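Peer 1: give me the fold of what follows.
(chains A and B)
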Amino acid sequence: MTIIPTRLARPSVVSSSMADARTRALKLYRDWYRAAPEIVSLYALNVSSAYVRHAIRERFEKNRYVTDPRAIDVLLLKGRQDYQETLNLWKQRDHVEGILLAPQHRPHKTFLQKFYEGRDEDSVVPAASGIV
Amino acid sequence: MGLKPIITISRGLSTGPSTPVEKPAVKDASDIVTPEAPRDVLVADVISGAPSELRHRPVRIYQPSRNTMQSGSGKSERWRIDFDILQGGGRWENPLMGWASSADYMQGTRISFRSKEDAIHFAEKQGWDYYVQPPVAKRIPPKNYSENFLYRPGKLRIVRTK
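Peer 2: Residues are numbered from 1 along each chain as shown, chains lettered A, B, ... in the order given. Model (predicted):
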């Protein structure tokens, strides 16, 4: 497979309005959504494409209520870059499994579990440790 | 509490005793506080990818105290942000050597700024819960060799012994 670095590259755009930003976000989400089976086959993942779509949806939902147009533009740019890097196979399998598909929500813990862990437990969970 | 006339101490140029003067409880233009206009702050914490746990940690904005070593007052003009230390299970003592350990990845982090406003702006952008510690006013006592030998009634001169 020949690598074309500019494949899927997009120029960074400043959204003219919130409606425009919304259209671009939907476009990006659709691209990710359609690429799910390809991501599974590219990285030989042991998950279904439905799970990949679920993980993608989670990431979009996390930023659903961002209203700052500048922040939305940056998020869109980062999403595009991530998309390009994923589909061009510029990532390792661990990047996809550990970062892209990592669950966003930690499992609910009972009072005693929290007590045994200590009261700072929530504050010291690293960002990308992969530990839930 | 009702409105009371504000009593202030007025001081003239003379060294006589100060006399209290009643001021009418009328607000002049400088007393009226206008609410600050909402500032346009970018929500950088959404973009930066920093863990959302940081939003619940208080940060301190302060001016570091003077270094007692040869660097003198260097770097003490700048303002710093650092994170409050966690008191619970984020810290522990190494059972073998007694070293202090921490799981807190922000405890060694400190950020320097040129001014207080810069630091506040940064903390606001990141959505951090900040408080500003007022700087301690530095008083440099005047040093004068001849002061040691000045006559002051009622006060003993410095007697140095070898």
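
Peer 1: all the helices of the chain, in order from the start?
Peer 2: As the question left the chain open, I've gone with chain A. With DSSP state H, the ranges of helices along chain A come out as A:18-42, A:49-62, A:69-87, A:93-95, A:111-117.

Peer 1: wrong chain, I was asking about chain B
Peer 2: In chain B, the helices defined using DSSP H lie at B:44-48, B:116-126.

Peer 1: mean neighbour count added to those, as JSON lines?
Peer 2: Quick note: C-beta positions are derived from backbone N, CA and C, even for glycine. Listed next are those as JSON lines, based on neighbours: other CB atoms under 10 Å in any protein chain shown:
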{"stretch": "helix B:44-48", "mean neighbour count": "17"}
{"stretch": "helix B:116-126", "mean neighbour count": "17"}
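
Peer 1: of all the ones you listed, which one is nearest chain A?
Peer 2: helix B:44-48 (4.6 Å; CB to the nearest CB).

Peer 1: lowest average pLDDT across the helices of chain B?
Peer 2: Taking each of the helices of chain B in turn, the one with the lowest mean pLDDT is helix B:44-48, at a mean of 88.

Peer 1: if we can go back for a sec, what's the most buried one of the helices of chain A?
Peer 2: Among those, ranked by average contacts under mean count of other CB atoms under 10 Å in any protein chain shown, first place goes to helix A:69-87 (a mean of 17).

Peer 1: taking helix A:49-62 as reference, get the angle to that one.
Peer 2: Calculated by axes from the mean of the first three to the mean of the last three CA atoms, to 10 degrees, helix A:69-87 forms an angle of 160 degrees with helix A:49-62.

Peer 1: let's test this: mean pLDDT of helix A:69-87, rounded?
Peer 2: The pLDDT scores in helix A:69-87 average 94.

Peer 1: show me what it packs onto, helices and strands only.
Peer 2: The contact analysis (3 or more CB pairs under 8 Å, 6 or more residues apart in numbering or on different chains; DSSP states H and E) places helix A:69-87 against helix A:18-42, helix B:44-48.
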